[in-house]
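J.: here is my input, please return the structure:
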Amino acid sequence: MNKMNKAKLNTVLKKHIPFIIVFLMIMLFNGCKDDRTQYMESKPLSKIEQKTTINFIGHWYKEGKREDLVRNFVREYSLINQEVNINLKFPEEVYYNREDLYSNRKFVVSVLKEKKPSWDIVRLNSEYFEISTLLGDPDWPKKYLVDFSEIEEFRQGTLPELLTEKAKEEWNGIIPGPYIEGQFWALWCNLNVAKKLGIEIKQYGMTYSDFLGYIKAVYNYNQRNPSEYITPIYESADWPTARAIAVQLFASLLDSPEEFFLDKITNNRLNAWHKTLQAMEELSKYKPLNPNWQKVNWNNTTASLLNEECLFYVNGSWMYNIWENIDPKKTQNCMPAEFPIFGKQTVYPTIYQVMWGVLKNSPHRDEAVKFLLAMNKPSMAETWVRQTKCPTGIKGNLTDITFGKDHFENFSHHVQTAYKDNSYRYSEKNAWILNNKNEDKNLFFNEVIEGKLTADEAFKKLKQQISQ
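T.: Presented below is the predicted three-dimensional model:
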């Protein structure tokens, strides 16, 4: 074939290529028609696309890496389990208002009362007693929630000390979900402020004498530099926390952890609180609280420690994520320290929380249980500790990842290993000092630390109001 004929052939082929392609497609369609029909008959399109939707109330909205952790887990779970759709909504998107601290418990109660719950997984946030009060029924967890303690897979992935009957008392005999969130309380300090004051804060083993010296240092600095005032101990009117210092001093004066957990008023316990009040009276000479603290709103002043406005900030380990979300670099200057003690540190305010529960009569109960069980894995434990710097009740290689990296992880590891059998939930109520019967009595902590009453005057008033 000469060059001219080849050129003519190419021109013809190019002109008819679209028709050739259509012809081939028709032939291919006809050849595969039987197989395609058979496939569609065996697997209807509607069934292929149908998914189970789990309605899930999340947690930690706008709290940096904790929010990321929840979103990433949902994303990864959905990728692995293509047949499931997770409808994640945060409380702030559905019902929660940070100005209304009761909104979570009211929402949970409303869902529990629904015949066909609109949510499969609700945020419990360890509010057993508050929900019990609203429902008027202390046995509500057993009636409405799945008991994870009956599931072998859950037991295998949970710290043994959280599976005991004593641990289950927190939920009146059941465990409604994974203990993903561990928390500790700390005497947070700003290292830059300490350097400015010429002091070095002990992260562990701080004595009352050490603490008194730190407060004196701030007082002396403020006397010399009134225009550069530094608050010794941060305190707010709507969430006062400084009393946690006094509770730990009190606990260190008792003979044993068992005595601390007694729901009983004894002479030894009363004398320990009297001595603690005497320490607060001594501290009051150095103005440990900001004189305007009763006008301070916590939600508007969360960055006080970050901004080097105070030396000490008493609060929980969740502050790490709040601060990191504001300024990661400044967060490195914030160090968690153990509370001061008189004698020996035997108990410590650290807890493991069940954040979520599955409704027994939820539309997709089994799928929701499977979802939370997937959270109760070593990989989640390690991610949690790495991103939140907090302990967790989920089993994992925690020793390897929580020791040695920074002062946040070191402290989390220390608290988890040192106090796992003797931890307690810090509360603004007074049961740890007195007993449950007298938990609402005034301990006169504020009056003494502000110098309005002497320790003896306060102790006399306390004894007059308590009932054995």
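J.: roughly how far does the most centrally placed residue in the chain sit from residue 394?
T.: Centroid-nearest residue in the chain, with CA atoms, centre = their mean: residue 181, separated by 4.9 Å. According to CB to CB, to the nearest Å, residue 181 stands 10 Å off from residue 394. Bear in mind the C-beta positions are built from the backbone N, C-alpha and C, glycine included.
J.: spit out the residues that contact the two alike.
T.: Jointly contacting residue 181 and residue 394 under the rule CB atoms under 8 Å, 6 or more residues apart in numbering are residue 384.
J.: my read: the residue nearest to the centre of the chain touches residue 356, true?
T.: No - with contact defined as CB atoms under 8 Å, residue 181 does not reach residue 356; the gap is 10.0 Å.
J.: mind listing the helices for the stretch 1-150 of the chain?
T.: All helices of the stretch 1-150 of the chain, identified by DSSP state H, counting those that start in this stretch, fall at 3-42, 45-49, 65-80, 91-94, 103-112, 128-135, 140-144.
J.: same question, the stretch 251-400 of the chain
T.: Using DSSP H, counting those that start in this stretch, helices in the stretch 251-400 of the chain cover 257-260, 267-284, 319-326, 328-331, 365-375, 378-388, 398-402.
J.: of all the ones you listed, which lies closest to residue 121?
T.: Smallest distance to residue 121 across these (CB to CB): 5.2 Å, for helix 365-375.
J.: what is the closest one packed up against?
T.: Counting contacts by 3 or more CB pairs under 8 Å, 6 or more residues apart in numbering; DSSP states H and E, helix 365-375 packs against strand 52-57, helix 65-80, strand 84-89, strand 121-123, strand 356-358.
J.: report how many residues lie close to residue 448.
T.: Residue 448: 26 surrounding residues under other CB atoms under 10 Å.
J.: what about it, distance to residue 456?
T.: Distance from residue 448 to residue 456, by CB to CB: 10 Å.
J.: where does pLDDT dip in the stretch 51-200 of the chain?
T.: 98-99, 101 (pLDDT under 70).
J.: where's the residue nearest to residue 197 when sequence neighbours are not counted, which helix or strand?
T.: Excluding its sequence neighbours, the residue lying closest to residue 197 (CB to CB, 6 or more residues apart in numbering) is residue 217, at 4.6 Å. Of the helices and strands defined by DSSP states H and E, residue 217 is found in helix 208-224.
J.: list the contacts of that helix.
T.: With CB under 8 Å, 6+ apart, helix 208-224 has contacts from 194, 196-199, 201-202, 228-230, 232-233, 245, 249, 279, 282-283, 286-288, 311-312, 340-342.
J.: cool, and stretch 228-236?
T.: Contacts for stretch 228-236 (CB under 8 Å, 6+ apart): 193, 196-197, 214-215, 218-219, 221-222, 241-242, 245, 286-290, 293, 296-298, 301, 304-305, 308-314.
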